[in-house]
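1. The sequence and its predicted three-dimensional model are supplied below.
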Amino acid sequence: MSQRKPRVGLLPLYLKLYDEIRPQWRGPLGTFTDQVAGKLAAAGFEVVRADFCRIAPEFDAAVAAFEKASVDAIATLHLAYSPSLEAVGALAGTKLPILILDTTMDRDFGTAVDPARIGYNHGVHGVMDLASVLRRRGRPFRIVAGHADDQALWTRAAAELRAASAARRFRGMRTLRVAEAFQGMGDFSVEPGVMRAKLGISVDQIEPRELGAEAARVTADEIGAEMELDRQRFDCAGLPADCHERAVRTGLALRRRLESGGYGGFSMHFGAFGGLEQVGIEATPFLEASKAMARGVGYGGEGDVLTAALVGALQCGFGRTTFTEIFCPDWAGGSLFLSHMGEINPEVAAARPLVFANDLPYTGTKPVATLTCAPAPGPAVFVNLAPGPDDSFAILASGVKVLGDSARPDMKKTVRGWIRPDRPLPEFLEAYSRAGGTHHSALVLGQTPETLAAFAAHAGLGFERI
């Protein structure tokens, strides 16, 4: 399931004087710029390139082009010393996040160096000039330093740029709540006006029956094609065709509404879909919730659009992100069991996900097609968006290890996962609740708390490592 690659604007900074007295430097530095663009592309970014920028009008034009191209962030590349006052007006005037790449062509610049190499490797004092002036103007930026051939530099740069992309997706997101939130759940309950004012996130709400018009427009061919896609991606061998068809019809109706409204996240109350057969809504769309996450549409259970926005932003920025919930502590093993009723992003799966007819007593509908799997083992980060005092919000992040799957056959029809935090379990749980963590969260595979700290900084949120 595809989604747009994060898009970065590559801004090479240069000095007009050098074009006048050392025009031969352009060629090698152009080749170096090509190499940097290639590194970013190899890290999974769509790169929008500007020409060498030397004077204010060139910087103004480049930043305007980046804005028009809807890049997620600007990465500066300091090819030589470039006076900060030529660039700072354009950079301080844009809302796009800024990442300064502090890197050079040559790794070895010791006592045996050829002095002819100075002209190709002296951008670092331009970095210092620009960073100092941006800081004085109160313009936030991020910076990564290292040699251009070091993979560690590009790993860190990619994390920073993905964090910026996720934050841009988060801020200003439209979300949809289907039915009222689960009565009495207070931790994720935030007034829509507060979400708009503090986070730029809007919330629309509909009743499930309002999806009936979309359901009526879903054709048999569309249902058949979607069912075939499901059979290719998932293990549907034991799923009755009628159950599958009901799930797909309702799911495609929901998908139409999400796409037509430009929603980046949604939530639903699982118990609000019963008794709507007469309008073509015959299933709680658990299957579509799982597939939506893989497409980059965030999800949160029980009406939690706050976590839905978080999941959608992190999935678009980092991939392999799922909505989840801590269900049970494993005191003996120092781990936590993660689960939910029937929603998990199949992109996190350790093995081919199973889709089966789930006879849930809570939905008020016929058996519901539900996707289940366990997340792939390895490093991950457990992430929560915690509302705080005075309408504040903070990202809580914990480095965790995702453990292996259960060997029990009767666990295969359960959304499941086990994680071990980086600190002793009692300490983790105590710290998490002291920080106000809610019972709905996100799990991001392959990332670190430091990456989420960058996301929080770009999104203007507080941050606490748990």
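-> Good, I have the coordinates. Residues are numbered from 1 along each chain as shown.
2. only C-alpha atoms for contact and neighbour calcs from this point on.
-> Fine.
3. So, low pLDDT: which residues of the protein?
-> 1-2 (pLDDT under 70).
4. any idea how it splits into domains?
-> 7-170, 174-465 (automatic domain parsing).
5. Which of those domains has the highest mean neighbour count?
-> domain 174-465 (a mean of 20; mean count of other C-alpha atoms under 10 Å).
6. end to end, how far does that one reach?
-> 28 Å (C-alpha to C-alpha, to the nearest Å).
7. all helices of the stretch 1-150 of the chain, in order?
-> Counting by DSSP state H, counting those that start in this stretch, one finds helices in the stretch 1-150 of the chain at the ranges 16-21, 26-42, 56-68, 84-93, 124-136.
8. Can you check my assumption that residue 313 lies in a helix?
-> Yes - membership of residue 313 in a helix is supported by DSSP: H, G, I helix; E, B strand; the rest coil.
9. That one contacts residue 167, correct?
-> Yes - using C-alpha atoms under 8 Å, residue 313 makes contact with residue 167 at a distance of 6.7 Å.
10. quick one: contacts for the most centrally placed residue in the chain?
-> Note on the chain: the residue nearest the mean C-alpha position is residue 314, at 1.8 Å, using C-alpha atoms, centre = their mean. For residue 314, the contact set (C-alpha atoms under 8 Å, 6 or more residues apart in numbering) comprises 163, 166, 321, 444.
11. which pair in those spans the largest distance?
-> Farthest apart among the contacts of residue 314 by C-alpha to C-alpha are 163 and 321. That separation is 13.2 Å.
12. Can you give me the distance of residue 435 to residue 384?
-> Residue 435 is 10 Å from residue 384, by C-alpha to C-alpha.
13. shared neighbours of the two, which are they?
-> Shared contacts of residue 435 and residue 384, counting by C-alpha under 8 Å, 6+ apart, come down to residue 396.
14. okay if I get the helices of the stretch 1-150 of the chain as a markdown table plus distance to residue 388?
-> A markdown table is the format used below for the helices of the stretch 1-150 of the chain (distance: least, C-alpha to C-alpha, whole Å):
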| stretch | distance to residue 388 |
| --- | --- |
| helix 16-21 | 50 |
| helix 26-42 | 37 |
| helix 56-68 | 33 |
| helix 84-93 | 30 |
| helix 124-136 | 28 |
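15. With residue 202 as the reference, name the closest of those.
-> helix 56-68 (22.6 Å).
16. quick one, that closest one and helix 84-93 angle?
-> Interaxial angle, helix 56-68 versus helix 84-93 (axes from the mean of the first three to the mean of the last three C-alpha atoms, to 10 degrees): 20 degrees.
17. Packing partners of the helix or strand harbouring residue 252?
-> For residue 252, the host element (DSSP states H and E) is helix 241-261. Packing partners of helix 241-261 (3 or more C-alpha pairs under 8 Å, 6 or more residues apart in numbering; DSSP states H and E): helix 212-217, helix 220-233, helix 286-295, strand 368-372.
18. partner strands of the shortest one, parallel or antiparallel?
-> With DSSP bridges as the criterion, the sheet partners recorded for strand 368-372 are strand 354-358 (antiparallel).
19. Outside of the strand it pairs with itself, which residues are in contact with it?
-> 234-236, 238-240, 243-244, 367-373, 412-413.
20. quick revisit: can I get the helices and strands packed on helix 241-261 in CSV including distance to residue 157?
-> Shown next, in CSV, are the helices and strands packed on helix 241-261 (distance: least, C-alpha to C-alpha, whole Å):
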stretch, distance to residue 157
helix 212-217, 42
helix 220-233, 32
helix 286-295, 24
strand 368-372, 34
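21. and residue 38, which of the ones you listed is closest to it?
-> Residue 38 lies closest to helix 286-295 among those, at 25.8 Å (C-alpha to C-alpha).
22. What is that closest one packed up against?
-> Applying 3+ C-alpha pairs under 8 Å, 6+ apart, we find helix 286-295 packed against helix 241-261, strand 298-301, helix 305-318, strand 368-372.
23. what angle separates that helix from strand 354-358?
-> Using the same axes, to 10 degrees: helix 286-295 against strand 354-358 is 150 degrees.
24. Give me the angle between helix 286-295 and helix 220-233.
-> 70 degrees.
25. Roughly how far does residue 408 sit from residue 416?
-> Here residue 408 is placed at a distance of 12 Å from residue 416 (C-alpha to C-alpha).
26. Could I have the CA atoms of stretch 103-120 written out in PDB?
-> Extracted C-alpha coordinates of stretch 103-120, given in PDB (Å, rounded to 0.1, in the frame of the first residue of the first chain):
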ATOM      1  CA  THR A 103      29.200  18.200   5.600                       C
ATOM      2  CA  THR A 104      32.000  18.500   3.100                       C
ATOM      3  CA  MET A 105      33.600  16.700   0.200                       C
ATOM      4  CA  ASP A 106      36.800  15.500   1.800                       C
ATOM      5  CA  ARG A 107      37.100  13.200   4.800                       C
ATOM      6  CA  ASP A 108      40.800  13.800   5.500                       C
ATOM      7  CA  PHE A 109      41.900  17.400   6.100                       C
ATOM      8  CA  GLY A 110      44.900  16.900   8.200                       C
ATOM      9  CA  THR A 111      48.400  18.300   8.100                       C
ATOM     10  CA  ALA A 112      49.300  16.600   4.800                       C
ATOM     11  CA  VAL A 113      46.300  18.100   2.900                       C
ATOM     12  CA  ASP A 114      46.800  19.900  -0.500                       C
ATOM     13  CA  PRO A 115      46.000  23.600   0.000                       C
ATOM     14  CA  ALA A 116      44.000  23.500  -3.200                       C
ATOM     15  CA  ARG A 117      41.400  21.500  -1.400                       C
ATOM     16  CA  ILE A 118      40.500  24.400   0.900                       C
ATOM     17  CA  GLY A 119      38.100  25.900  -1.600                       C
ATOM     18  CA  TYR A 120      36.100  22.800  -1.700                       C
END
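27. ok, and what's touching stretch 197-215?
-> Outside stretch 197-215, the residues that reach it (C-alpha under 8 Å, 6+ apart) are 170-180, 192, 195-196, 249-250, 252-254, 256-257, 272-273, 276, 279-281, 305, 309, 391-392.
28. Helices - which of those residues land there?
-> 170, 192, 195-196, 249-250, 252-254, 256-257, 305, 309 (DSSP state H).
29. check contacts around the nearest residue to residue 283 once chain neighbours are set aside.
-> Computed as C-alpha to C-alpha, 6 or more residues apart in numbering, the closest residue to residue 283 that is not its neighbour in sequence is residue 247, at 5.5 Å. Each residue near residue 247 by C-alpha under 8 Å, 6+ apart is listed here: 282, 283, 284, 285, 287, 288, 368, 369.
30. Considering those residues, which is situated nearest to residue 136?
-> residue 288 (48.0 Å).
31. and the following helix or strand past the helix holding residue 252, what does it pack onto?
-> Using DSSP H and E, the next helix or strand after helix 241-261 towards the C-terminus is strand 265-268. Judged by 3+ C-alpha pairs under 8 Å, 6+ apart, the packing partners of strand 265-268 are strand 174-178, strand 298-301, helix 305-318.
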